[in-house]
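1. model this:
(2 chains)
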Amino acid sequence: MATWPQETTGGRVRAKHLIGAVAAIVMATLSAGCGQSAKSGDGASNVASPAKSADGKKVVRFPFVIGESGFDPVTAHDLYSSEVIDGIFDTVLTYDYLARPAKLVPKLAAEMPLVEDGGKRWTIKLVKGAYFSPHEVFNGKKREVTARDVEYSFKRHYDDSLKPVWRFLIDGKIVGLNAWYEKSKKSDGLLWDEPVPGLEVVDSHTLRISLTKPDYNFGYVLAHVAMSIVAREVVEKYPNDVQSHPVGSSAYFLKEWVRGQRIILERNPNWRGGTWDFKPNADDPYDEVIVKQMKGKPLGLIDRVEIYPIEEEQSRWLAFKNKQLDFINIPSSFIKQAMPGGKVAPDLAAEGARVATTVDPEYTYNYFQWNDPVWGGAELHKVALRRAVAMAINRGEEIEVVRKGTAKRAEFIVPEGVVGHQAGYKSSIDYNPALANALLDKFGYKKGADGYRNTPDGKPFSFKYTSTPTALEREFDELYSKNMEAIGIRYDSDKEKFADSIKREKRCQIMIRGAAWIADYPDGDNFTQLLYSKNIGESNNGCYKSAAYDKLYEQSALLPAGPERDKIYLEMQKQFEADTPWVLGVTRYRNQMVYPWVLGYKRHPVMLANWMYYDINTGKGN
Amino acid sequence: MGAYVLRRLWQIVPTMAGVILLIFVLFNVVGGDPAYLLAGKISNPEQIANIRKQLGIDEPYWMQLLIFVKQVVTFDFGASWSTNEVVSSMFASRLPASLMIGIPLLILETIIAVTIALAVAYVRGSFTDRAAMVTCTIAQSVSILVYIIVFQYVLAYKWGLFPVQGWGNGFFENLFKFAALPVLIALVVSLAPNIRLYRTFLLDEVNQDYVRTARAKGLSENRVMFVHVLRNASIPIITNLMIQLPGLLVGLFLIERFFSVPGIGREVILAVERSDFPVIKAVTVYVALATMLANLAADLLYKAVDPRVELK
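-> Have a look, this model is predicted:
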């Protein structure tokens, strides 16, 4: 071993260098921490908001779980961008803030549309004095919203250069609109000024829409955020970039946007305003509190809305606990910390935080490919196979383990909170692996030497489940693999990118996949159409084909919501259960935690931007 | 020297051609079809065909390749398919945030790692050396995710030393307030492997004859270590540094996500998830170019620190 002179003093040198290294790190830590004040614990005890702008204005702050894409109503395809759009732009109709199930009310319309000709003619009278937010394109003048703007905004869904994503809402529904589009395609660009018979501008504030067939659900289309009203001058100034320059006539305008970092909205100085006047629901006692807090106040009391995309759950949760955010959808991995035993955690309760639980108007499901030689089709043994799988999938375990208790089992083809849902309905297909095994035995799915079942003609087969390579889907792999094992069916996990799945799905090439559908509008039709055979390649992703179901769907589509349609929905459910083209999954809850200084807060199942209905306690008396 | 640099720059052209071809083939073979994602919830084949047309992915492959080459030459990669943001402005707005973390990290990491490596190399074989190596091995074994979660929870949330997350407007506000914890975490994560690596480089030199000669001449230990040993060990250290430089363009995506830093790393991950080819193309080309330029810079630095190195 070499003996170097410096080793005789090694102890001192060692200590010096170690201390130096540790000191460097500690100093870096302390110096880096100097001068910041992210933790703002004050203000909670008197339940006033800790967030006030320099000029004392009321601010509300909340997170998005992913970055937004842009704010053009025609092209926005993500929920978060749509929420901002909803806050900036007006739609003809909207929803009553408190009413459940969701109820349509006028927004840009002066009153509810006049529906005539058996649901084919809709006459809309626009409110007078609705102005777009100020913009240089208006040359300093106040620009009123007119019927022409509504006509123009609807036509924009046919501008292919924008890659519109919501055309299906009106496609083929308005008399002459598709013909206008076809004619435009043959000319040099869209014929914006050419009238469409079904979009008749009667006067500056009246639009008459003629539909190709009766559609009592068209009101939901008029309330959809994609049908927001834009000003043609703004679009023509930014032909391919309206998403960065959204100019609407609703309560807020885009003040600042740093992509993926923050979205700041301020109250539209030209906004027409209104008075808070909603009625409480009998089944939600907190509505009374909200009504007491808000009744009679002007709408749009929040001066500024600050939205922060925060992707990671821990970051969101800690930012909320640090009072950097005023409300949050509790991240699933923190649900037990936030609500141990289903109650607000003591530390948060002491701060006055409350939880508002809502059920999303949606469900998840697993579809079987109707064209698949093993799994699809109406033959009895195939129905038996699908039904056996439906009885083998343990939704209870999914809810407890995978969803951490934040979901409930979906039983009906129209989910809870959506018009047409039949509360209390219990599906005939329940979790019962023993019965599933018996059913498979009866229909000739015998087990082979490897312990797994083969088809009645002796061929091996598997439950090939297509999903994306995510942590959540790996949990489903574990669950389904165990469930299939219990009935002797091989499990085969097929991982691919989401875009690839969608592509194959539209070509009816996926054997089994999990999907979810959240309401575009809260009417049963938005869900029952998922099984209509004419929607194969569009939204019927299992490619289910049933003449009986189709006939019922076509009947239901012509009817307004009511007992007659409900009766047909029940028959459709029975047909659905008889064929079992899907296994219905769950409907997810959202647990919103809100600090006490946010007044009037209630999450709406469909309406995205509700800030105009809130108030903030600034501690100065509201 | 000038001829060498020109020759190396010229070599970038065929390398870049290979990169272009590789990206193009990979995207078209394994990349998803973005039209299906952009088409929204309900779409028909006609609408999907229209989107493909708008994106230009219905063109023959040779035409798409030609457009790609033109984009590389002009550094104009068009707009993101999913957000419509111009790719160059995306880089211009996101890169500063990534660099705000990456550059201080690189500087601190190099200074601290070299200093500690010198210290432990100086006392090699001793308890301190062994303790440092064991600590480094343990520190390396822990996932970066654990560091992020623990540091964010303890230092930011519990102790309030840093913001839990967020990003501001001002340069100094971001550097000293919002970037501090991300830099600290990245520093802690990167120190362990770098200390081990640099210690190895230094030990390789410590055992050389010229060190023995220096000591025999009676040079102080500080001069031996900091002048003779460090200078000779600097070539592999420079190599390691230069390898890390192009990474600045990609950012530290996990750290950016956790601390809501609007950097390029988050955008890259989103682009991959969304099959956003213009962004993927731009990132790959920029990183490839940066790698080639960093390699060239490394070669020039070799010559600067060691005149015996010949550039051929």
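2. now the residue positioned nearest the centre of chain B: how far from chain A?
-> The residue lying closest to the centre of chain B (CA atoms, centre = their mean) is residue B:247, at 1.2 Å. Going from residue B:247 to chain A by CB to the nearest CB, to the nearest Å gives 20 Å. C-betas here are computed from N, CA, C, even on glycine.
3. burial of the closest residue in space to that residue that isn't next to it in sequence, as a residue count?
-> Spatial nearest neighbour of residue B:247, chain neighbours left out: residue B:102 (7.3 Å); criterion: CB to CB, 6 or more residues apart in numbering or on different chains. Other residues within reach of residue B:102, judged by other CB atoms under 10 Å in any protein chain shown, total 26.
4. tell me which helix or strand comes right after the host helix or strand of residue B:28.
-> Assigned by DSSP states H and E, residue B:28 belongs to helix B:2-30. On the C-terminal side of helix B:2-30, the closest following helix or strand by DSSP H and E is helix B:34-38.
5. and that following helix, anywhere near chain A?
-> Yes. For a cut-off given as CB under 8 Å from any CB of the partner chain, helix B:34-38 has contacts with chain A, namely B:34, B:36-38.
6. what does the helix or strand harbouring residue A:569 contact?
-> Per DSSP H and E: residue A:569 is located in helix A:563-579. The contact list for helix A:563-579 (CB atoms under 8 Å, 6 or more residues apart in numbering or on different chains) reads A:378, A:383, A:386, A:412-414, A:420, A:422, A:425, A:427-429, A:524, A:528, A:531, A:544, A:546, A:548-549, A:552-553, A:555-556, A:559, A:582.
7. which parts of the stretch 451-600 of chain A sit against chain B?
-> A:497-500, A:502-503, A:506, A:520, A:535, A:537-539.
8. now, those residues that are in strands?
-> Nothing among these maps onto strands, per DSSP state E.
9. which of those residues count as buried?
-> A:497-500, A:502-503, A:506, A:520, A:535, A:537-539 (16 or more other CB atoms under 10 Å in any protein chain shown).
10. want to throw the residues you listed into TSV with pLDDT?
-> Compiled in TSV, these are given as follows (pLDDT from 0 to 100):
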residue	pLDDT
A:497	81
A:498	83
A:499	79
A:500	85
A:502	88
A:503	87
A:506	89
A:520	88
A:535	93
A:537	89
A:538	87
A:539	90
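11. from those residues, pick the one nearest chain B.
-> Nearest to chain B among those: residue A:499, at 2.9 Å, using CB to the nearest CB.
12. and the closest one, what is it in contact with?
-> For residue A:499, counting by CB under 8 Å, 6+ apart, the contacting residues are B:32-34, B:36-37, B:274-275.
13. skipping adjacent residues, who's closest to it in space?
-> Closest to residue A:499 by CB to CB, 6+ apart is residue B:32, at 2.9 Å.
14. and the helices in the stretch 301-450 of chain A?
-> Counting by DSSP state H, counting those that start in this stretch, the stretch 301-450 of chain A has helices at residues A:313-321, A:335-338, A:346-350, A:380-392, A:395-397, A:433-442.
15. please identify the deepest-packed of those helices.
-> helix A:313-321 (a mean of 23; mean count of other CB atoms under 10 Å in any protein chain shown).
16. quick check: the gap between the spatially closest residue to residue A:232 that is not a sequence neighbour and residue A:145.
-> Nearest non-adjacent residue to residue A:232, counting by CB to CB, 6+ apart: residue A:152, 5.0 Å away. According to CB to CB, to the nearest Å, residue A:152 stands 11 Å off from residue A:145.
17. and those two? which has more neighbours close in?
-> Per other CB under 10 Å, whichever of residue A:152 and residue A:145 has more neighbours is residue A:145, with 25 against 19.
18. I'd say the more buried one and residue A:232 touch.
-> No. In this structure, residue A:145 is not within contact of residue A:232 by CB atoms under 8 Å, at 11.3 Å.
19. roughly how far apart are the closest residue to chain A within the stretch 201-312 of chain B and residue B:90?
-> Taking CB to the nearest CB, chain A has its nearest neighbour within the stretch 201-312 of chain B at residue B:262, 3.9 Å off. The gap separating residue B:262 from residue B:90 is 10 Å, by CB to CB.
20. which one's more surrounded, the two?
-> residue B:90 (23 against 20).
21. quick check: phi and psi on the more buried one?
-> phi -60, psi -50 (degrees, to the nearest 10).
22. residue contacts, it?
-> By CB under 8 Å, 6+ apart, the contact list for residue B:90 reads A:259, B:80, B:267, B:279.
23. in PyMOL, how would I select the buried members of those?
-> To isolate in PyMOL the members of the contacts of residue B:90 that are buried, counting by 16+ other CB under 10 Å, one can use:
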select buried, (chain A and resi 259) or (chain B and resi 80+267+279)
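24. adding distance to residue A:136 and secondary structure, write the contacts of residue B:90 out as JSON lines.
-> JSON lines is the format used below for these (distance: CB to CB, whole Å; DSSP: H, G, I helix; E, B strand; the rest coil):
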{"residue": "A:259", "distance to residue A:136": "22", "secondary structure": "coil"}
{"residue": "B:80", "distance to residue A:136": "26", "secondary structure": "coil"}
{"residue": "B:267", "distance to residue A:136": "30", "secondary structure": "helix"}
{"residue": "B:279", "distance to residue A:136": "31", "secondary structure": "helix"}
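25. and the contacts of residue B:90 as CSV, adding pLDDT and distance to residue A:201?
-> Listed next are those as CSV, based on pLDDT from 0 to 100; distance: CB to CB, whole Å:
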residue, pLDDT, distance to residue A:201
A:259, 88, 37
B:80, 90, 36
B:267, 88, 43
B:279, 92, 42
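26. host element of residue 66?
-> No chain specified, so I'll use chain A. Counting by DSSP H and E, residue A:66 is found in no helix or strand.
27. right idea, wrong chain: chain B
-> Taking DSSP H and E as the criterion, residue B:66 maps to helix B:61-74.
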